[in-house]
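Chemist: Sequence first, then the predicted structure:
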Amino acid sequence: MREDCPVVSVCIITYNHEHFIADCIEGVLMQQVDFPYEIVIGEDISTDGTREVCKTYAAKYPGIIRLLERDENLGMKKNWVETIRACQGRYVALCEGDDYWIDPNKLQKQVDLMEQHKDYVLSFTNTDVTIEVEETASNAGRGLEKVQENRVYTGVEILEKWLIPTPSVLFRRNALTKPYFELAVNEYFIYADIVLYLFLSDRGYLYGMTDTTVMYRRHEGGVMNINRVIQFDRRYYSHLSEIVKQFGAKVKTPKIKRALSRLALSLALNNLSEKKYFVGIKLLFASIGYNKGPFLKYLKSKV
């Protein structure tokens, strides 16, 4: 690595975050560190004023911010991949454009940890969650589980529980190889971040820290808000099935099989109700094959 390369590249992907992107960038700029860093922003041709905000910051901080102005809309996963590819640092820190950091020592803490433990490939922290509609901030009751102790976590743990908030992540850039970038844009995956964590878990340790360093923002435009249950079940069933296919038996745990069973049953019942009998019966057998529990519970509820 050249001596003038940053130690950390902060990877920010953004699309239609006009009202949030300034908070995101300011949370990085407030970091108190003893090493050089860069901010790499992948701006995916927003239809609001996001690009203009980013250009203002890039002009103000030309030695720190590199703005990647897309010529066409790449979509979230491809924008993620291409922005990570553009990073030059020894480490890459993630923060999507509608999230932000609240601890000015976040980067320093994580880099110090990773420098002391060369076998760690990724570190993450706790987060607060702000719900824009409710105007509240809390880590509890949002599906995101707290990191209860400072320790190494396995790939299976982070798949079975939502433990890693994306804006808290810092990882070793050299641990990513070509197979990851091909996996990340796989059409069956909904989220590229869990694929990153599982990929890295095969290459070193994932370390969770109990510090709360970031704010994860949920709002009407957020990727996590999918109101159509069946549409989401269909996509998530494909997503989880592809994870099992790509990462093998180690991730096909009883908990994951039960989740697949529930999803397959939901889709089976929906298809049967629409008189799509072949697909419905196929999914029903898939559900039973993964775990009989959800089907038996459903039968019991109908007696």
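Modeler: Received, thanks. Residues are numbered from 1 along each chain as shown.
Chemist: Output the longest strand belonging to this structure.
Modeler: Among the segments of the chain that qualify as a strand by DSSP state E, the longest is strand 205-218.
Chemist: Could you give me the buried positions within that one?
Modeler: Going by neighbour count (16 or more other C-beta atoms under 10 Å), the buried part of strand 205-218 is 205-209, 211-218. For every residue, glycine as well, the C-beta is placed using N, CA and C.
Chemist: tell me which of those is nearest to Tyr100?
Modeler: Met215 (5.3 Å; C-beta to C-beta).
Chemist: can you pull out the strands in this protein?
Modeler: For the chain, the strands defined by DSSP E occupy 8-14, 37-43, 65-69, 91-94, 100-101, 120-131, 136-138, 151-153, 170-172, 205-218.
Chemist: Go through those strands and find the least confident stretch.
Modeler: Across the strands of the chain, strand 136-138 has the smallest mean pLDDT, namely a mean of 45.
Chemist: And the buried residues of strand 205-218, which is closest to Ile39?
Modeler: Val214 (15.3 Å).
Chemist: Test my guess that the closest one contacts Trp101.
Modeler: Yes. Contact criterion C-beta atoms under 8 Å: Val214 and Trp101 qualify, at 5.1 Å.
Chemist: where do the contact lists of the two overlap?
Modeler: Counting by C-beta atoms under 8 Å, 6 or more residues apart in numbering, the residues touching both Val214 and Trp101 are Gly27, Cys95, Pro167.
Chemist: Filter the residues you listed down to the buried ones and express that as a PyMOL selection.
Modeler: To isolate the buried subset of the shared contacts of Val214 and Trp101 in PyMOL, counting by 16+ other C-beta under 10 Å, use the following:
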select buried, resi 27+95+167
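Chemist: got the shared contacts of Val214 and Trp101 as TSV, with distance to Thr127 and pLDDT columns?
Modeler: As requested, the shared contacts of Val214 and Trp101 are exported to TSV (distance: C-beta to C-beta, whole Å; pLDDT from 0 to 100):
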residue	distance to Thr127	pLDDT
Gly27	12	98
Cys95	11	96
Pro167	7	96
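Chemist: quick one, domains of the protein?
Modeler: Domain ranges of the chain: 8-218, 229-302, per automatic domain parsing.
Chemist: can you give me the end-to-end distance of the longest one?
Modeler: Same thing as domain 8-218. End-to-end distance of domain 8-218: 26 Å, with C-alpha to C-alpha, to the nearest Å as the criterion.
Chemist: Check the offset of that domain from the chain's centre.
Modeler: Centre-to-centre, domain 8-218 and its host chain are 8 Å apart (C-alpha atoms, centre = their mean, to the nearest Å).
Chemist: Over to the last one?
Modeler: On the basis of C-alpha atoms, centre = their mean, domain 229-302 is displaced by 23 Å from the centre of the chain it belongs to.
Chemist: Can we start the residue count at 110 from this point?
Modeler: With the count now opening at 110, the last piece we talked about shows up as domain 338-411.
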